[in-house]
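**Student:** Sequence and predicted structure, then a few things I'm wondering about:
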Amino acid sequence: MDDYFKEGEEKSRALDHAPKSSGTVAPPPKAGAPPPPPRAASTEPPKE
């Protein structure tokens with residue numbers, strides 16, 4: 001049964017030309033684009 005779904009998924013991906021979910025990385029930023037905003041986790045705690 002799992003083989004049936006796996007085969008269907010592979011056919012679907014081939015039709016969609018979708019990249020496989022494993023090992024994909026975000027595309028590089030376009031030349032001249034501003035840097036992405038800093039993440040909230042990397043901000044310093046407020047000083048008192």
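**Tutor:** Happy to help now that I have it.

**Student:** where do the helices sit along this structure?
**Tutor:** Assigned by DSSP state H, the chain shows helices spanning 2-16.

**Student:** any low-confidence regions in it?
**Tutor:** Within the chain, the ranges that satisfy pLDDT under 70 run 15-24, 29, 33, 40-48.

**Student:** what about residue 14, distance to residue 2?
**Tutor:** According to CB to CB, to the nearest Å, residue 14 and residue 2 sit 19 Å apart. Yep, even glycine has a C-beta here, placed from its N, CA and C like the rest.

**Student:** which of the two has more neighbours?
**Tutor:** Neighbour totals were compared for residue 14 and residue 2, and residue 14 leads with 9 against 6 (other CB atoms under 10 Å).

**Student:** For the more buried one, which residues are in contact?
**Tutor:** Taking CB atoms under 8 Å, 6 or more residues apart in numbering, we find residue 14 in contact with no residue.

**Student:** how much space is there between it and residue 39?
**Tutor:** In terms of CB to CB, residue 14 sits 35 Å off from residue 39.

**Student:** Next: residue 12.
**Tutor:** Distance, residue 12 to residue 39, using CB to CB: 33 Å.

**Student:** And the two? Which one has more around it.
**Tutor:** The neighbour comparison of residue 12 against residue 39 (other CB under 10 Å) goes to residue 12, with 10 against 7.

**Student:** residues near residue 13, how many?
**Tutor:** A count of nearby residues for residue 13, using other CB under 10 Å, gives 13.

**Student:** Likewise for residue 30?
**Tutor:** Neighbour tally, residue 30, other CB under 10 Å: 6.

**Student:** got it, and the one 4 residues further on?
**Tutor:** Taking other CB under 10 Å as the neighbour definition, residue 34 ends up with a count of 6.

**Student:** And the one 4 residues further on, by the same measure?
**Tutor:** By the criterion of other CB under 10 Å, residue 38 has 8 neighbours.
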